[in-house]
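Novice: I'd like to go over a predicted model; first the sequence, then the structure.
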Amino acid sequence: MINTAFTNQPIVQVINADIFQAGDKLILENVNFSIGKGEFVYMIGRTGSGKSSLLKTLYADLPLTKGSGQIAGYELNSIRRSNIPFLRRKLGIVFQDFQLFMDRNITQNLEFVLKATGWTDSMKMKTRIAEVLIRVGLSGAMSKMPYQLSGGEQQRVGIARALLNDPQILLADEPTGNLDPEVSEEIMRLFLSINKSGMSVLMATHDFDLIRKFPQRMLRCENNRVFERNDYV
């Protein structure tokens with residue numbers, strides 16, 4: 001692990017990395033990019049182009065076996081399995097399909113994550129849950145069940161969950177993919193608000209309407225490579 005607290009080192013840096021799926025299936029090769037602290041970056045590309053595999057490599061769900069990469073001070077190519085939970089406390093991960101427990105209310109969903117990441121004080125957990133729900137505009141949802149919420153509200157809970165441990169970066173995998181355009185724009189504005197507070201964001205998306213409306217730096221996954229892209233098609 002690298003101490004990045006007092007350096008200008010990027011929050012993410014990937015150098016000459018090959019990204020594999022299912023052990024030996026090459027998805028992306030010779031990947032090189034960095035993301036600065038507080039930066040917002042889109043990752044675009046067609047379904048199957050490697051966006052999700054690259055994100056999974058960044059949060060150590062897929063191993064990095066060739067090249068080098070670091071995120072939030074952890075070296076991905078040498079990280080020990082026992083350190084992966086500590087890495088993930090520094091990351092916020094947002095999924096397309098929300099991944100909420102449908103048999104638990106919103107407070108219980110968020111409590112599960114806090115307990116899994118080492119929180120033990122019930123009052124501190126209750127306070128933190130209230131804080132993140134206020135931040136995403138769902139202060140009245142603590143006792144509701146996921147099925148009582150709209151898709152956009154469920155995704156807001158997913159974002160609140162990602163914020164619980166005050167991460168250094170949010171990794172979002174098609175976070176608006178299951179939402180209609182109006183709700184997608186609301187979710188995008190929420191991500192931008194979070195980014196404005198200083199948190200880095202890497203968002204995989206193929207929603208070009210959002211990209212045109214809210215232009216940011218872009219990385220494109222195409223033909224097994226990752227390219228910088230500056231146009232907003």
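Specialist: Sure, I can see it. This structure is a prediction, so every number in the text was calculated from the model and none was measured.
Novice: alpha carbons only for contacts and neighbour counts from here, please
Specialist: OK.
Novice: okay, the longest helix anywhere in the chain in CSV with CA atoms only?
Specialist: If you go by DSSP state H, the chain has its longest helix at helix 181-196. Extracted C-alpha coordinates of helix 181-196, given in CSV (Å, rounded to 0.1, in the frame of the first residue of the first chain):
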residue,chain,number,x,y,z
PRO,A,181,-34.2,9.7,-19.5
GLU,A,182,-35.6,12.2,-17.0
VAL,A,183,-34.6,10.1,-14.0
SER,A,184,-31.2,9.4,-15.6
GLU,A,185,-30.6,13.1,-15.7
GLU,A,186,-31.5,13.5,-12.0
ILE,A,187,-29.1,10.7,-11.1
MET,A,188,-26.4,12.3,-13.2
ARG,A,189,-26.8,15.6,-11.4
LEU,A,190,-26.4,13.8,-8.1
PHE,A,191,-23.1,12.3,-9.3
LEU,A,192,-21.9,15.7,-10.4
SER,A,193,-22.9,17.2,-7.1
ILE,A,194,-20.9,14.5,-5.3
ASN,A,195,-17.9,15.1,-7.6
LYS,A,196,-18.1,18.8,-7.0
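Novice: burial of the closest residue to Lys90 other than its chain neighbours, as a residue count?
Specialist: Excluding the flanking residues, the one nearest Lys90 by C-alpha to C-alpha, 6 or more residues apart in numbering is Pro167, at 4.4 Å. Residue neighbour count, defined by other C-alpha atoms under 10 Å, stands at 18 for Pro167.
Novice: go on, the one 4 residues further on?
Specialist: The number of residues packed around Leu171, counting by other C-alpha under 10 Å, is 22.
Novice: quick one: contacts for it?
Specialist: Each residue near Leu171 by C-alpha atoms under 8 Å, 6 or more residues apart in numbering is listed here: 55, 91-94, 201-203.
Novice: make it 6 Å
Specialist: For Leu171, the contacting residues are 93, 202, by C-alpha atoms under 6 Å, 6 or more residues apart in numbering.
Novice: partners of the residue most central in space within the chain in the sheet?
Specialist: In the chain, the centroid-proximal residue (C-alpha atoms, centre = their mean) is Leu171; its distance is 1.6 Å. The bridge-partner assignment for Leu171, based on DSSP bridges, gives Ile93, Leu202.
Novice: Could you check the pLDDT of it?
Specialist: What the model reports for Leu171 is a pLDDT of 97.
Novice: how about the helices of the chain, start to end?
Specialist: 51-58, 84-89, 106-116, 122-135, 151-163, 181-196, 208-213.
Novice: Tell me which residues are up against stretch 208-224.
Specialist: With C-alpha under 6 Å, 6+ apart, stretch 208-224 has contacts from 27-29, 41-45, 49, 226-229, 232.
Novice: Can you pull out the low-pLDDT segments for the chain?
Specialist: 1-7, 230-233 (pLDDT under 70).
Novice: The same query, at a cut-off of 80, please.
Specialist: 1-8, 22-23, 229-233 (pLDDT under 80).
Novice: Relative to its centre, which residue of it is most distant?
Specialist: Largest centre distance within the chain, by C-alpha atoms, centre = their mean: Met123, 26.9 Å.
Novice: how close does that one get to Ile129?
Specialist: 10 Å (C-alpha to C-alpha, to the nearest Å).
Novice: what about dumping the CA coordinates of stretch 103-122 to CSV?
Specialist: Output of stretch 103-122 as CSV, limited to C-alpha atoms (Å, rounded to 0.1, in the frame of the first residue of the first chain):
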residue,chain,number,x,y,z
ASP,A,103,-36.3,-8.6,2.1
ARG,A,104,-34.7,-5.8,4.2
ASN,A,105,-35.7,-2.2,4.6
ILE,A,106,-33.3,0.6,3.5
THR,A,107,-31.8,1.1,6.9
GLN,A,108,-31.1,-2.6,7.1
ASN,A,109,-29.6,-2.6,3.7
LEU,A,110,-27.2,0.1,4.7
GLU,A,111,-26.5,-1.4,8.1
PHE,A,112,-25.4,-4.6,6.4
VAL,A,113,-22.6,-2.7,4.5
LEU,A,114,-21.5,-0.8,7.6
LYS,A,115,-21.2,-4.0,9.7
ALA,A,116,-19.4,-5.8,6.9
THR,A,117,-16.8,-3.0,6.8
GLY,A,118,-16.1,-2.9,10.5
TRP,A,119,-18.6,-0.5,12.1
THR,A,120,-19.9,-1.6,15.5
ASP,A,121,-21.4,1.4,17.2
SER,A,122,-25.2,1.4,16.6
